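S.K.: Mind looking at a prediction? Sequence and model below.
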Amino acid sequence: MKLTYSGKTKDVYRLEDGHVLLKFKDDVTGEDGVFDPGANTVGLTIDGAGKSGLRMTKYFFEKLEEQNVPTHYIDADLDEVTMTVKPATVFGKGLEVICRYRAVGSFLRRFGAYAEEGQVLDAFVEVTLKDDERQDPPISEDALAQLHILTHEEYATLKELTQQISEVVRSEMAEKGLELYDIKLEFGRDPERNIMLIDEISGGNMRVYQGDTYIAPMELEKILFS
Ligand SMILES: Nc1ncnc2c1ncn2[C@@H]1O[C@H](COP(=O)(O)OP(=O)(O)O)[C@@H](O)[C@H]1O
Ligand SMILES: [Mg+2]
């Protein structure tokens, strides 16, 4: 197998059979040792973070597959901390799609003149460009179409899938007395050009609270599977 990309939290390998292998690392995003799911730098390394992220990812991707949501998932190996997936081509240089149920993080930083911290949002969807150099700027539907990154039709599909997937995660959390504030997803195209969910669904890509208390990724995984 051949290393094709070394990301912030995973290494990506191309397998001989054409599949892609994602190796989850113990690195998590954040700054100066503080975890932040919205950050685009590695902030800290935590023993077991990779395995914890993979366990949650495996759980949610298998759940989504059962519900016939298109995803890249093939299988996961918790001992090797790897996940085998279908190869995807991403939109432009990559997009992140965020679904928000409460106003925190970058939403609050941008719209704080109009929104109160923790204000309820209606499964609000927004897209950002994966562009570390430019701090992952938010991009509108019109800009995505204008720049030939997504058609309006594809945007509609992406938004619908995002709300559907986020609702699966939200309701799963709610069953454990947890509240999902926001979540970040990634999508790509399969070899037949169909849109599918890619990457991961782990504590590192979402903010979850228990009452007023923020629950860190590895603790979240423990509560979820307890
Ligand atoms: N099925 C897939 N095919 C190809 N690339 C993928 C697939 N799933 C995820 N990726 C990409 O692999 C990388 C995973 O590594 P990660 O550390 O999360 O990267 P990043 O630093 O870009 O967030 C991401 O760039 C993600 O877009
Ligand atoms: Mg990533």
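M.R.: Right, received. Where do you want to start? Nothing here was measured: the structure is a model prediction, and the numbers come from that model. Numbering: from 1, shown residues only. Ligands and ions are numbered 1, 2, ... in the order given.
S.K.: T162 is in what secondary structure piece?
M.R.: If you go by DSSP states H and E, T162 is part of helix 152-175.
S.K.: Could you tell me which other helices and strands that helix packs against?
M.R.: Contacts defined by 3 or more CB pairs under 8 Å, 6 or more residues apart in numbering; DSSP states H and E place helix 152-175 against helix 49-66, strand 95-102, strand 120-129, helix 141-146, strand 179-189, strand 195-198. Every residue, glycine included, has its C-beta placed from N, CA and C.
S.K.: at 10 Å what do you get?
M.R.: helix 49-66, strand 95-102, strand 120-129, helix 141-146, strand 179-189, strand 195-198, strand 206-210, helix 217-224 (3 or more CB pairs under 10 Å, 6 or more residues apart in numbering; DSSP states H and E).
S.K.: will you turn those into a markdown table that also has distance to ligand 1, mean pLDDT and mean neighbour count?
M.R.: Converted to a markdown table, the helices and strands packed on helix 152-175 look like this (distance: least, CB to the nearest ligand atom, whole Å; pLDDT from 0 to 100; neighbours: other CB atoms under 10 Å):
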| stretch | distance to ligand 1 | mean pLDDT | mean neighbour count |
| --- | --- | --- | --- |
| helix 49-66 | 10 | 98 | 20 |
| strand 95-102 | 9 | 98 | 22 |
| strand 120-129 | 12 | 98 | 17 |
| helix 141-146 | 17 | 98 | 15 |
| strand 179-189 | 5 | 98 | 21 |
| strand 195-198 | 4 | 98 | 21 |
| strand 206-210 | 14 | 98 | 21 |
| helix 217-224 | 14 | 96 | 18 |
